[in-house]
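*Asks:* Just to be clear, the model below is a prediction. Sequence and coordinates:
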Amino acid sequence: MRGPLTLSEIAAQLGGRVVGDSKTQVRQIGSLDRATAEQISFVAQRRHVPKLAHTRAGAIILAPAMEPLAAIPRIVADDPALYFARVARLFNPRPRCEPGIDQAAHVDPRAAVDASARVETGASIGARARIGPRAWIGAGCYVGEGAEVGEDARLYPTAVVYDDCVIGARSHVHAGAVIGADGFGYARNGERWDAIPQIGRALVGDDVDVGANTTIDRGAIDDTVIENGVKLDNQIQIGHNVRIGANTAIAACVGIAGSTVIGKNCEIGGAAMIGGHLRIADGSRVSAATAVSGSILQPGTYTGIFPIDDHASWLRNAAGLRRLSKLLDRVRALEKRLFGKEAP
Amino acid sequence: MRGPLTLSEIAAQLGGRVVGDSKTQVRQIGSLDRATAEQISFVAQRRHVPKLAHTRAGAIILAPAMEPLAAIPRIVADDPALYFARVARLFNPRPRCEPGIDQAAHVDPRAAVDASARVETGASIGARARIGPRAWIGAGCYVGEGAEVGEDARLYPTAVVYDDCVIGARSHVHAGAVIGADGFGYARNGERWDAIPQIGRALVGDDVDVGANTTIDRGAIDDTVIENGVKLDNQIQIGHNVRIGANTAIAACVGIAGSTVIGKNCEIGGAAMIGGHLRIADGSRVSAATAVSGSILQPGTYTGIFPIDDHASWLRNAAGLRRLSKLLDRVRALEKRLFGKEAP
Amino acid sequence: MRGPLTLSEIAAQLGGRVVGDSKTQVRQIGSLDRATAEQISFVAQRRHVPKLAHTRAGAIILAPAMEPLAAIPRIVADDPALYFARVARLFNPRPRCEPGIDQAAHVDPRAAVDASARVETGASIGARARIGPRAWIGAGCYVGEGAEVGEDARLYPTAVVYDDCVIGARSHVHAGAVIGADGFGYARNGERWDAIPQIGRALVGDDVDVGANTTIDRGAIDDTVIENGVKLDNQIQIGHNVRIGANTAIAACVGIAGSTVIGKNCEIGGAAMIGGHLRIADGSRVSAATAVSGSILQPGTYTGIFPIDDHASWLRNAAGLRRLSKLLDRVRALEKRLFGKEAP
């Protein structure tokens, strides 16, 4: 953690306008609820404004329209959430990658590990693998033969990159993530399943984050592709030959079946399940816990969640749901009798 | 495995009343279906009573009301399931943690590992980490800088605890679990996402079980907290700043989005999905496969599952569901014509 | 990768009838979209026929009925998908397991590792474990005390097999998979939960594939059993005492709760959730994202998915769903008034 900064020092680096005592010193970010006098917090949404009266933060970041609502020293910024992210980075820079290959790491003599890279204890780097400048391979990681890890990328402990797969520059792969395991591809052979060799790769672009225990399968023939800037939360499963467009963000527990193409700038809610061989338009939003079984050709927000209810009510309504098609028929019959025709 | 015990020896240790030959010896627990004469089984539910006639178990544990239904030697206990759990533990004590640091483990010289702790091969313990008395760190585990593992806790092979996170006393973390990876926190920056440093910790209390491949993210600013006695099954995902109250039990594949607070003594069914920023009252029950998108303020059992059906019936009813709102309008129109007003 | 083969050389090994220049050489498989002149592709479904006009593949595999639709050299086979799988295996044989125990692997002196097996760096093999002929234990894997890995089986890096569990011959367990962690078994003890020792094993048969980060719990008393030829995709969770019948295929993200018995030759779609203590008949199909809360006694295809819709329409229909039971009552009232009785 760095030393304290005054509000004017922060504004000098990041912009924004200081209101109140610009010599106020802070040394860390804090939440509205728990910040201390040495911490700076932020308000981005109207619903958090009431907390301003009670916060003990030393300073606050807020939008121009909210500026008069705070009495403590403050920085006014057009996008308080983004400004806060930058202040957070200022006080919490990513740890520097200290170069070196641990003596208990296993590096194949045919691998190319940059002199500025770090390979921690128990990690294994296969033949012909390439580890870029300042790349950081955590304890117990595995980087297979011919795989590549780009500059400033980081694999957290136990992450696995199978043979020939690629992790782009500045990408982060969290613990337990598995990149490039075999896709689920079989041909029926009587009652048995014959495995089809999965010879494509998994290509993860630059500035991608991959959450803990997320899995990205290698392609069957062609490659599975995660484009630049994609953010993947934990426990996501991405099938073979999926392509995910740039800057799409996907929350935890999502599954994407094989060969589906998701556009750029999409947002997929947690635990959504997306079927195979679909196309999802750029800029689409899928709500949490929604099953997507057809392509989405027009951007928009799409939802399909069974509404939660107390168990007894659910039982009654779920029973009705099984008779819904017949209910429609009954209403049609009523309409014919009463109106002489079905409603449009 | 210990030697055999007679029923009277068991009752002397655990209480309960022996009926039949109290010198009957058993050496292990067994299921009603497959137990042998050297094993003791139990019946806790009426629906298993018919199996009593066929079991080959040497003895049985059951409730007072069921006692006359068995002919074999038996132990009568008020809570047969709990009694059985204790007998099971009697015959199957947890393996003793044999102290020692494997020569192929990596322990930072600034870490504090208790002399009675065990660190297996390939494990990595970071600077300033603290490993408590009789704590057992399995093969290939990672305990980050400044992290703590409490007394008698156990990390199974490949479990990962990120920097500064805490595992309480007697807690068990199964293989592949990841504690303290970064929460999913970004600020929009045009089309890109700027990562917000996640500086909170993940704090796991005492007597907590964490299942295989479960992930618990560290907090964004404040901490993610799992209170004492919580039981987490496999492949659960817990987002940043979630708090889970004491003794809550969560079945496998559940996802809990960020900042949600779950009360004490709740039971969450498998594959339930709980949205972010919600509150779930103490003692609530959520059914399996249910999506929770709003807070639950009154304890009770809550459900939201699309009822399964044969595919053709489902197709018809699902089509009707998409027209349900219009169907309501049509019924209203019928009611107005027929009754002169809409039904209440 | 092997050298090139002519179509007649392929047909000599695998059968099928060559049409066009049988001396055409290919050296790899390719997709219809991206294959080059040195690659062979296939068409199994009518909807891919239009691509035949544009493919640059050097040769194509197709069914007799489609043979006249292609102009390029081709192999006619009764089951093009299965034939393609075989050609794929011809050009991409599984890598040979080079025997040897890495000096940085940890093998207990009481373990029995076949001389033809391979144990990679950082792997740990417990006491009394048995590693069969040509079995391949990847980097950082853990094989517990008394566990067995059959001949020609492969554990990819970081896979974990707990004590006493069994992986059959020719089975593949991908990275991050955990076989045999404790099942989720507790007895209520007041507000607390007492863990019930899980003394059963997890038995994985022959020719089984286990995907990345999939978890298979050990049995509570009896064993959890995965029969021969089962194919499990990534991130599947299988609870204690589940039994899965031979040649059943399960797509990613599926959860199966404890003690459920799934028959042979079933197909379970991705993210389906199957409750505990159920029976699923041989040959059943469960659609993706479907929750199964009762037994399936007749084979067939079963589905339960809330249909996705634009968010506004979903909101309206979901609100209607909460009133569905009352709507049925209202329709009954209309019917009684209009018809003198409820519709059948």
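*Replies:* Cool, got the structure.
*Asks:* Identify, by residue count, the longest helix of chain A.
*Replies:* Under DSSP state H, the helix in chain A containing the largest number of residues is helix A:324-339.
*Asks:* quick one: low-confidence ranges for the stretch 101-250 of chain A?
*Replies:* Within the stretch 101-250 of chain A, no range satisfies pLDDT under 70.
*Asks:* near chain B, which residues of it show up?
*Replies:* Residues of the stretch 101-250 of chain A lying near chain B by CB under 8 Å from any CB of the partner chain: A:102, A:104, A:120-122, A:138-140, A:156-158, A:172, A:174-176, A:207, A:209, A:211-213, A:229, A:231, A:233-235, A:246-247, A:249. Backbone N, C-alpha and C define where each C-beta goes, glycine included.
*Asks:* all helices for the stretch 201-344 of chain A, in order.
*Replies:* With DSSP state H, counting those that start in this stretch as the criterion, the stretch 201-344 of chain A has helices at A:311-321, A:324-339.
*Asks:* how about the ones you listed, which one is nearest chain C?
*Replies:* Across those, chain C has its closest neighbour in helix A:311-321 (3.8 Å, CB to the nearest CB).
*Asks:* thinking again about what came up before, how far off helix C:324-339 does the longest helix of chain A point, in degrees?
*Replies:* Taking axes from the mean of the first three to the mean of the last three CA atoms, to 10 degrees, one finds that helix A:324-339 is oriented at 40 degrees with respect to helix C:324-339.
*Asks:* elements contacting helix A:324-339?
*Replies:* Judged by 3 or more CB pairs under 8 Å, 6 or more residues apart in numbering or on different chains; DSSP states H and E, the packing partners of helix A:324-339 are helix B:311-321, helix B:324-339, helix C:324-339.
*Asks:* Residues in contact with that helix: which ones?
*Replies:* By CB atoms under 8 Å, 6 or more residues apart in numbering or on different chains, the residues outside helix A:324-339 that reach it are A:320, A:341-343, B:313, B:316-317, B:319-321, B:323-324, B:327, B:330-331, B:334, B:337-338, C:324, C:327-328, C:331, C:334-335, C:338-339, C:343.
*Asks:* Take the residues of the stretch 101-250 of chain A next to chain B and keep only those in strands.
*Replies:* Using DSSP state E to define strands, the subset of those located there is A:172, A:209, A:231, A:249.
*Asks:* Whichever of the residues you listed end up buried, select them in PyMOL.
*Replies:* To isolate the buried ones among those in PyMOL, judged by 16 or more other CB atoms under 10 Å in any protein chain shown, type:
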select buried, chain A and resi 172+209+231+249
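*Asks:* Can you tell me which of the ones in strands among the residues of the stretch 101-250 of chain A next to chain B is nearest residue B:147?
*Replies:* residue A:172 (19.1 Å; CB to CB).
*Asks:* Might you report the residue contacts of that closest one?
*Replies:* Taking CB under 8 Å, 6+ apart as the test, what residue A:172 contacts is A:153-154, A:156, A:208-210, B:182.
*Asks:* With residue A:32 instead?
*Replies:* Residue A:32 makes contact with A:41-43, A:48, A:51-52, A:55, A:57, according to CB under 8 Å, 6+ apart.
*Asks:* Over to residue A:226?
*Replies:* A:202-205, A:208, A:216, A:232, A:238, A:243-244.
*Asks:* what's the burial count for residue A:298?
*Replies:* Number of residues near residue A:298 (other CB atoms under 10 Å in any protein chain shown) recorded here: 9.
*Asks:* Can you tell me the closest non-neighbouring residue to it?
*Replies:* Leaving aside its sequence neighbours, residue A:298 sits nearest to residue A:281 (CB to CB, 6 or more residues apart in numbering or on different chains; 6.1 Å).
*Asks:* Distance-wise, check the one you found relative to residue B:158.
*Replies:* 39 Å (CB to CB, to the nearest Å).
*Asks:* Of these two, which one has the most company?
*Replies:* It is residue B:158, of residue A:281 and residue B:158, that has more neighbours when counted by other CB under 10 Å, with 33 against 17.
*Asks:* if I read this right, the more buried one contacts residue A:159, doesn't it?
*Replies:* No: taking contacts as CB atoms under 8 Å, residue B:158 lies outside contact range of residue A:159: 11.3 Å.
*Asks:* hey, what's in contact with both of these two?
*Replies:* What both residue B:158 and residue A:159 touch, as defined by CB under 8 Å, 6+ apart, is the set residue A:176.
*Asks:* Chain C versus the residue nearest the centre of chain A, what's the distance?
*Replies:* The C-alpha lying nearest the average C-alpha coordinate of chain A belongs to residue A:232 (CA atoms, centre = their mean; 2.7 Å). Distance of residue A:232 to chain C, given as CB to the nearest CB, to the nearest Å: 13 Å.
*Asks:* For that residue, name its beta-bridge partners.
*Replies:* Note on residue A:232: beta-bridge partners residue A:210, residue A:250, judged by DSSP bridges.
*Asks:* so who does it touch?
*Replies:* A:208-211, A:214, A:226, A:238, A:250.
*Asks:* Which pair of these spans the longest distance?
*Replies:* Longest span within those, CB to CB: A:209 and A:238, 13.6 Å.
*Asks:* domain parsing for chain A?
*Replies:* Domain segmentation of chain A under automatic domain parsing yields A:5-91, A:310-344.
*Asks:* of all those, which lies closest to residue B:196?
*Replies:* domain A:5-91 (4.5 Å).
*Asks:* Pull up the distance across that closest one, start to finish.
*Replies:* Using CA to CA, to the nearest Å, the span of domain A:5-91 from its first residue to its last is 9 Å.
*Asks:* for residue A:12, helix, strand, or coil?
*Replies:* helix (DSSP: H, G, I helix; E, B strand; the rest coil).
*Asks:* what's the burial count for it?
*Replies:* Counted with other CB under 10 Å, residue A:12 comes out at 12.
*Asks:* Could you do residue A:204 as well?
*Replies:* 31.
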